[in-house]
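# need a 3D model of the following:
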Amino acid sequence: MEKSGFIQSVTKDGDEHKLFYTLFEPEDQPVRATLLVLHGMQEHSGRYAAFARFLKNRGIVVVTYDHLGHGKTAQRKEDLGFFIPRNAREQVVIDAENLAAYLETKYPYVPHFVLGHSMGSFITRCLLQQAHQRFDGAVIVGTGGKIKGIAIGKVLISVLNAIAPRYRSRLINNVFAKMNNSRFKQEGNYKNTNWLSVSKENRDAFLADELCGIPFTNNGFHTLISVNMDATKRDWAETMIRKFPLLFVSGVDDPIGAFSKGVLQTVDQLKKDGFEDVTVKIYPNMRHEILNETEKETVYEDIGNWLSDRLR
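Coordinates of the predicted model:
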């Protein structure tokens, strides 16, 4: 069974807003666990429906939802790429925890997991800093380490966000896109989407989707940089118990993960810090969106098997 709708979340200032979500529930079999899915920037939760249905058929309840400024949560087209005026970094984490609480209430007697992709991976890592006890494990997809020079970038974007939060800088958006696409120039422009996947079918779908690829506002980039910095600081996992299960999955040619180097460094550091259950899988011939590559079923199976192993 699949059900979509809106769920209320509350800001730090006490204001309410609604988040669009979809609940995927198994049919004709017992519920084994739940999984909360956090999507990436400039996309939406609907792109994870196939993955959610795969897990649903394995007895796992999945909830996907659109972040503020994304998908159907954005009330107007001009709200795409804009989060909220104040405390946006804190709010995206609060929203994720509120969805986790919803799953806990609805399914109180099963294990709960969380998965975050790209920007969602950084939000997930921030969420785990303050609420890892809500989960029995986490899947970190398309993540990376600290970006060189990001502190200087945050100073600049903080000023721009204070002056014109809703302004969409063509320069900043182009720099971000071309930086990610730089290694794939030989394949042609393809509107700077080569870095997303080897699969051209996926890139075509991304470009055709009116809810994808919307240029970020200054507010959007400020939020993205803020969660990235908090998620990749040296002691980002300090508050977590060392037995917490973590699965890192990434494409070998993903620029967000520094072409796997940033992911492997993150995993190595966690192991050095005493984490006992950290697994990493780097996929050859895959780029950033490994859940949308041609051979995505391989990734589905690996994640599904990892979850099943933790349930046993």
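# tell me what Phe113 is bridged to.
Legend: beta-bridge partners of Phe113 under DSSP bridges are Leu35.
# might one say that it is in contact with His132?
No. With contact taken as CB atoms under 8 Å, Phe113 and His132 are classed as non-touching, separated by 11.5 Å. Where C-beta positions appear, they are placed from N, C-alpha and C, glycine not excepted.
# show me which of those two is the more surrounded one.
A count of neighbours by other CB atoms under 10 Å puts Phe113 above the other of Phe113 and His132, at 27 against 19.
# next one: that one from Val267, what distance?
18 Å (CB to CB, to the nearest Å).
# need the strands for this structure, in chain order.
Assigned by DSSP state E, the strands in the chain fall at 2-10, 16-24, 33-38, 60-65, 112-117, 138-141, 246-251, 278-283.
# turn these into TSV, columns for mean pLDDT and distance to Ser169.
Below are the strands of the chain laid out as TSV (pLDDT from 0 to 100; distance: least, CB to CB, whole Å):
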stretch	mean pLDDT	distance to Ser169
strand 2-10	93	28
strand 16-24	96	25
strand 33-38	98	25
strand 60-65	98	27
strand 112-117	98	25
strand 138-141	98	28
strand 246-251	98	28
strand 278-283	98	33
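# want to try TSV for the ones you listed, with distance to Ala208 as columns?
Output for the strands of the chain, formatted as TSV (distance: least, CB to CB, whole Å):
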stretch	distance to Ala208
strand 2-10	21
strand 16-24	20
strand 33-38	22
strand 60-65	20
strand 112-117	20
strand 138-141	23
strand 246-251	22
strand 278-283	25
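# contacts for stretch 83-103, please.
7, 9-13, 17, 19, 21, 34, 36, 38, 61, 63, 65, 67-69, 112, 114, 123-124, 126-127, 130-131, 134-135, 165, 219-220, 222-223, 226-227, 230 (CB atoms under 8 Å, 6 or more residues apart in numbering).
# quick check on the residues you listed: which are buried?
By neighbour count, with 16 or more other CB atoms under 10 Å, those hold 7, 9, 11, 19, 21, 34, 36, 38, 61, 63, 65, 67-69, 112, 114, 123-124, 126-127, 131, 134-135, 165, 219-220, 222-223, 226-227, 230 as buried.
# re the thing from before, for Arg53, which of the strands of the chain is the nearest?
Ranking the strands of the chain by proximity to Arg53 (CB to CB) places strand 16-24 first, at 6.3 Å.
# what distance separates that closest one from the middle of the whole chain?
The chain centroid and the centroid of strand 16-24 are separated by 16 Å under CA atoms, centre = their mean, to the nearest Å.
# partners of it, with directions?
strand 2-10 (antiparallel), strand 60-65 (antiparallel).
# got the angle for the shortest one vs strand 112-117?
Following axes from the mean of the first three to the mean of the last three CA atoms, to 10 degrees, one obtains 50 degrees for the angle between strand 60-65 and strand 112-117.
# please apply the same query to the first one.
In terms of direction (the same axes, to 10 degrees), strand 2-10 departs from strand 112-117 by 90 degrees.
# need the pLDDT of Asp28.
At Asp28, the model reports a pLDDT of 88.
# what count of nearby residues applies to it?
Asp28 - counted by other CB under 10 Å - has 4 other residues nearby.
# among the strands of the chain, which is nearest Gln186?
It is, among the strands of the chain and with distance given as CB to CB, strand 246-251, at 17.7 Å.
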